[in-house]
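S.K.: Below are the sequence and a predicted model for it; my questions follow.
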Amino acid sequence: MSKLLLPKFLFLTFVSSLSAQNFHSIQVGGGLVLPRSSSKGFSAQVQYNYSLNGTFNFYVYSGYYTWDKYNITFIDESPPYGNDKLFHSYGSDNHKLIPLYFGTRINFRTVKSFTTFIDLEVGYSYFSYTDYGHIREVDPETGWVLSYHTDPASAKNTVKNLFGVGIGLGVFHPISESMNVVLSY
């Protein structure tokens, strides 16, 4: 009986010390996608963190990002204008991006409860969207370009497998034992 007590005691002590230290954490994020040339969308992300020690943290994250139209501008330099004329349209829509990245966060220095860090990561992203061709509409009498518009008949579903490497800098500040404010780029 005493032979079983020692392993149980050691196991409980080890598990208690593991749970007392915060090795694991989960981050959940979301927001608006505001690309400069696209319509608005939204994002959702979840990240699992494992802290090796006070300096090195490993993480894995995935998410879902979606937005609609990718807006484009055509510049027509046809002679009747004398100046360039701009035409607005869109080249693709129904964008979806699903990343899966693995990385490490290296904490550098803590000053007045703010800790600076660097992130290094590598991963894969599944990217899909619908791509379109364009129709250039010209007035047959004057030769002037009237418009460029998206050709719905040319719709083509496109899938890209993207591999990436990332580096980022940031700072975090604990606001409680279980919550931090993180600002990163």
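M.R.: All right, it came through fine.

S.K.: Of all the residues in the lengthiest strand in the chain, which ones are buried?
M.R.: The longest strand of the chain (DSSP state E) is strand 145-174. Of all the residues in strand 145-174, those buried under the rule 16 or more other C-beta atoms under 10 Å are 145, 148, 149, 150, 171, 172. Any C-beta I mention is one placed from the backbone N, CA and C, and that applies to glycine too.

S.K.: Pairing partners for the last one in the sheet, please.
M.R.: Per DSSP bridges, the residues bridged to residue 172 are residue 115, residue 182.

S.K.: Give me the residues contacting stretch 34-43.
M.R.: 29-33, 63-72, 95 (C-beta atoms under 8 Å, 6 or more residues apart in numbering).

S.K.: Now for these: which two are most distant?
M.R.: The largest separation in those, counting by C-beta to C-beta, is between 29 and 72 at 29.7 Å.

S.K.: what residues are up against residue 88?
M.R.: Neighbour list for residue 88: 71, 72, 73, 74 [criterion: C-beta under 8 Å, 6+ apart].

S.K.: and with 7 Å instead?
M.R.: Contact partners of residue 88, counting by C-beta atoms under 7 Å, 6 or more residues apart in numbering, are 71, 73.
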